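Chemist: return a 3D structure for these sequence lines:
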Amino acid sequence: MELTPDRIYKDFLKNNLDKHSATKLLLSLIENSDNDKVRVNCINDIGRIGIKDNHTFKILENLLISDSNEVVRNTAALTLAKNYLEKILEPMKWALIHEDSPLCLNTIYLTLIKILRNLVENSNSLTKSTLLSEVKKIRRKEFRLGFEIMCETKEIDSFSKNDLSDILINYFTIILLEKSYWRLKFEIEECKIVELDFIFKGLTRLPEVIEYLGQLKTLILRYNQLVHLPDWLGVLKSLEELNINVNNLNKLPESIGMLSSLRELYLWKNELTYLPNTIGQLISLETLNLRLNQLKTLPDSIENLSSLRELDLHDNQLIKIPESLKQLSSLEKLILSWNQIERIPEGIGYLSSLMILDLERNELVDLPDSIGHLSSLEFLNLSDNKLKRIPESIGNLHNLKTLNLSRNEINYLPKSIASLPSLKELYLKDTKVKIIPKSLKNLESSGLKIYY
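Modeler: This next block holds a predicted model:
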């Protein structure tokens, strides 16, 4: 009867073969078989049998670093990780540098992460010296010089195992990313990856290795084909800028609310139809760009974005603005152009810091008197709406420099417009205004430009 991996393993389970005998037969099949599937099955069975002798280790190590078949190499890596975790750091490091197969690289990288975690969790006092020794072996310039600079301000003995492990994780990560993405842009500070730029890299999913970059501050993913983001995104607690412009996202994970350091979020030109309520947990957020999406509503939780200074919702499908928007006391720029908004809530007058308000091409028929409370407003674009009147309260906008009323159904201008001391540009093209008040015409001599 032909000797097969399955038969050998069954004999082992029946106690017809002990560990050593079964493993010896499987190793013999690996060495003498030309069938890669048979060899892979043999390696898997060796892993299940669980023998941990040095002879088997050497053979598996050799398969990892020199076999021509990527599935064989990958299976060898998995079996080594299962049975020899404490002694495979060196061969895995070598394989990470020299391997080209994405399948194998992923397994090797995750194995290295597992090894480092094992060293950190091990109570043996020698594990710290092992980690320190590995850091000192790094020859890559950014890490070598970075560690030297760190040692100038911190005693080498004061580095914790986690500190040393993080350096190695970042080192292994940049090796993997550079092998996976041509001309990847990145920045490293103090041996930590702080910025990654994946522009035009054809991403359909977020590289999982990013999950291990606890000090990452900037992540650029624009111009790719991402459809969704993983739930683990929320672990990036140091992230300050996230740019996912021009992708195919149709939703955001609930975990996005866990990005407590996030200051800038760019989601321009995606396919978002709603925002999760957790968006309101981004208390450090200053810029939120949602241009060219398909949003119909905004969650009330947006009122909690107390640090928000810029909100851009150009070209969505919004019909109304939530009253809760009035809580955004830090807001300086609000872009709502090219939507289907029919009315502005009275609460808009609470936005005392607002300097730019763009409502071009909506369905507005009137404005609330409270618009006159926007004491910081410098730019107001109301063009391409259905406005028939402008409230007298607009005369209270003493800092207003540009007012665009073009393409509306306005018949006359409120007298108070002439009392706007800072007004430099007034657009009246394609309105029903026939006569410009003399008081307003007089301001032209003071520098006011009227376009009609």
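
Chemist: quick one: contacts for the closest residue in space to Asn396 that isn't next to it in sequence?
Modeler: Closest residue to Asn396 apart from its sequence neighbours, by Cβ to Cβ, 6 or more residues apart in numbering: Gly372 at 3.9 Å. Using the backbone N, CA and C atoms, a C-beta is placed for each residue, glycine as well. By Cβ atoms under 8 Å, 6 or more residues apart in numbering, the contact list for Gly372 reads Gly349, Pro391, Glu392, Ser393, Ile394, Gly395, Asn396, Leu397.

Chemist: and those as JSON lines, adding secondary structure?
Modeler: Below are the contacts of Gly372 laid out as JSON lines (DSSP: H, G, I helix; E, B strand; the rest coil):
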{"residue": "Gly349", "secondary structure": "helix"}
{"residue": "Pro391", "secondary structure": "coil"}
{"residue": "Glu392", "secondary structure": "helix"}
{"residue": "Ser393", "secondary structure": "helix"}
{"residue": "Ile394", "secondary structure": "helix"}
{"residue": "Gly395", "secondary structure": "helix"}
{"residue": "Asn396", "secondary structure": "helix"}
{"residue": "Leu397", "secondary structure": "coil"}
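
Chemist: just name the shakiest helix or strand of the protein by mean pLDDT.
Modeler: The weakest-scoring helix or strand in the chain, judged by mean pLDDT, DSSP states H and E, is helix 438-442 (a mean of 80).

Chemist: output the contacting helices and strands for that helix.
Modeler: Applying 3 or more Cβ pairs under 8 Å, 6 or more residues apart in numbering; DSSP states H and E, one finds that helix 438-442 contacts no other helix or strand.

Chemist: in it, what's buried?
Modeler: Residues Leu440 are the ones in helix 438-442 that count as buried (16 or more other Cβ atoms under 10 Å).

Chemist: same check on stretch 215-231?
Modeler: Residues Gln215, Leu216, Lys217, Thr218, Leu219, Ile220, Leu221, Arg222, Tyr223, Asn224, Leu226, Leu229 are the ones in stretch 215-231 that count as buried (16+ other Cβ under 10 Å).

Chemist: surely the fourth one touches Glu241?
Modeler: If I follow you right, that is Thr218. Yes: between Thr218 and Glu241 there is a contact under Cβ atoms under 8 Å: 4.5 Å.

Chemist: for the residue lying closest to Asp100 once chain neighbours are set aside, helix, strand, or coil?
Modeler: Distance criterion Cβ to Cβ, 6+ apart; nearest residue to Asp100, sequence neighbours excluded, is Lys179 at 7.2 Å. At Lys179 the chain is in helix, as set by three-state DSSP.

Chemist: how many residues are close by Lys179?
Modeler: Number of residues near Lys179 (other Cβ atoms under 10 Å) recorded here: 17.

Chemist: please apply the same query to Gly349.
Modeler: By the criterion of other Cβ under 10 Å, Gly349 has 19 neighbours.

Chemist: which residues touch the residue nearest to Asp100?
Modeler: So Lys179 contacts Glu99, Asp100, Leu105 (Cβ under 8 Å, 6+ apart).

Chemist: CSV please, covering those residues and showing distance to Ser284, secondary structure and pLDDT.
Modeler: Compiled in CSV, the contacts of Lys179 are given as follows (distance: Cβ to Cβ, whole Å; DSSP: H, G, I helix; E, B strand; the rest coil; pLDDT from 0 to 100):
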residue, distance to Ser284, secondary structure, pLDDT
Glu99, 39, coil, 98
Asp100, 41, coil, 96
Leu105, 35, helix, 98
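
Chemist: out of those residues, give me the one that has the most neighbours.
Modeler: Greatest neighbour count in the contacts of Lys179, by other Cβ under 10 Å, goes to Glu99: 24 neighbours.

Chemist: enumerate every residue touching that one.
Modeler: Glu99 makes contacts with Arg73, Leu105, Ile108, Lys179, as judged by Cβ under 8 Å, 6+ apart.

Chemist: closest one to Lys137 out of those residues, please.
Modeler: Proximity of those to Lys137 (Cβ to Cβ) peaks at Ile108, which lies at 17.4 Å.

Chemist: Ser129: which element?
Modeler: Using DSSP states H and E, Ser129 falls within helix 126-137.

Chemist: just checking, next helix/strand downstream of that helix?
Modeler: Following helix 126-137 toward the C-terminus (DSSP H and E): helix 141-153.

Chemist: by contact count, what packs against that next one?
Modeler: Packing partners of helix 141-153 (3+ Cβ pairs under 8 Å, 6+ apart): helix 126-137, helix 161-180, strand 185-189.

Chemist: domain ranges for the protein, per the record?
Modeler: Using automatic domain parsing, the domain parsing of the chain gives 5-138, 318-452.

Chemist: for the stretch 201-350 of the chain, give me the ranges with low pLDDT.
Modeler: Along the stretch 201-350 of the chain, the model assigns pLDDT under 70 to no residue.

Chemist: ok, back up a step: filter the contacts of Gly372 down to the buried ones.
Modeler: Neighbour-count burial (16+ other Cβ under 10 Å) is assigned, among the contacts of Gly372, to Gly349, Pro391, Ser393, Ile394, Gly395, Asn396, Leu397.

Chemist: Lys161 touches Ser125, doesn't it?
Modeler: No: in this structure, Lys161 is not within contact of Ser125 by Cβ under 8 Å, at 10.2 Å.

Chemist: quick one: which of the two has more around it?
Modeler: When Lys161 and Ser125 are compared for neighbours, Lys161 comes out ahead with 17 against 7, by other Cβ under 10 Å.

Chemist: quick one, what contacts the more buried one?
Modeler: Leu119, Val120, Thr127, Lys128, Leu131.

Chemist: quick one: it from Glu121, how far?
Modeler: Distance of Lys161 to Glu121, computed by Cβ to Cβ, to the nearest Å: 9 Å.

Chemist: between these two, which contacts overlap?
Modeler: Between them, Lys161 and Glu121 share no contacting residue under Cβ under 8 Å, 6+ apart.

Chemist: about what we covered before: okay if I get the buried residues of stretch 215-231 as CSV plus distance to Ser255?
Modeler: CSV is the format used below for the buried residues of stretch 215-231 (distance: Cβ to Cβ, whole Å):
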residue, distance to Ser255
Gln215, 19
Leu216, 15
Lys217, 18
Thr218, 19
Leu219, 14
Ile220, 20
Leu221, 16
Arg222, 21
Tyr223, 24
Asn224, 20
Leu226, 15
Leu229, 8
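
Chemist: tell me which of the residues you listed is nearest to Glu148?
Modeler: Closest approach to Glu148 among those (Cβ to Cβ): Gln215, at 18.4 Å.

Chemist: does that closest one touch Ser238 like I think?
Modeler: Yes: assessed by Cβ under 8 Å, Gln215 is found in contact with Ser238 at 5.2 Å.

Chemist: so, low pLDDT: which residues of the stretch 1-150 of the chain?
Modeler: 1.

Chemist: now do the strands in the chain.
Modeler: Ranges of strands in the chain, per DSSP state E, are 185-189, 192-197, 218-220, 241-243, 264-266, 287-289, 310-312, 333-335, 356-358, 379-381, 402-404, 425-427, 449-451.
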